[in-house]
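1. here is my input, please return the structure:
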Amino acid sequence: MATVAVTPEQDAVLGEVFIAAPPARVFAAITDPAQVPRWWGQQGIYRITEWKGDVRPGGKWSSVGVSADGSSFTVDGEYVEVDPPRLLVHTWIASWSGKLETLVRWELEPADVHGLHPSGPKRAGTGTLLRIRHTGFAGAPEAAKGHADGWTRVLGWMQAFVEVGKTIETR
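-> Here you go, the predicted model:
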């Protein structure tokens, strides 16, 4: 289960989840245009319908989605750092947040299933400790809270997709 919190200064969202799959598999789930629209979303909430990315420093990425009410939204940005399968850093500009440009840092660390979460999956092997840090919310505490709620859902959706193949259609 993902843990997500807003920092006391309300300028960053910090998230963490253990995924019972190697870092390369997790990295693919967050960068492969064929995979992202399969897991990022849920019926009745919102979903990504299209995702494109040129996964290299300076490369652009973009996504198109549909809200629960049927309205369209976009999120896009530029890759700042790319070190597969350990690190991905990119800007984040969401159509619903005006001109607010934030920064998302994904850190993927190899981790032992049993060493991290003894109450977690009961199978041997290695997994990934995924940490996200979404910064740039100074002066926008409501945006930070909204993104914290969003990241809680998104990390859970990705974990279920990578570990057991759950998609938007099968969730």
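
2. show me where this protein has strands.
-> According to DSSP state E, the chain carries its strands in the segments 3-6, 12-19, 41-42, 46-53, 60-67, 72-83, 87-94, 101-112, 126-135.

3. the last one vs strand 101-112, what angle?
-> Using axes from the mean of the first three to the mean of the last three Cα atoms, to 10 degrees, the interaxial angle of strand 126-135 with respect to strand 101-112 works out to 160 degrees.

4. the fifth one now?
-> Counting by the same axes, to 10 degrees, strand 60-67 lies at 90 degrees to strand 101-112.

5. quick check: the nearest residue to Q10 once chain neighbours are set aside vs H134, distance?
-> Excluding its sequence neighbours, the residue lying closest to Q10 (Cβ to Cβ, 6 or more residues apart in numbering) is P141, at 4.1 Å. From N, CA and C alone the C-beta is placed, and that goes for glycine too. Using Cβ to Cβ, to the nearest Å, one gets 14 Å for the distance from P141 to H134.

6. G65 is in contact with S71, isn't it?
-> No: counting by Cβ atoms under 8 Å, S71 is not a contact partner of G65; they are 9.6 Å apart.

7. of these two, who's got more company?
-> G65 (20 against 11; other Cβ atoms under 10 Å).

8. that one and G127, how far apart?
-> Separation of G65 from G127 (Cβ to Cβ) stands at 28 Å.
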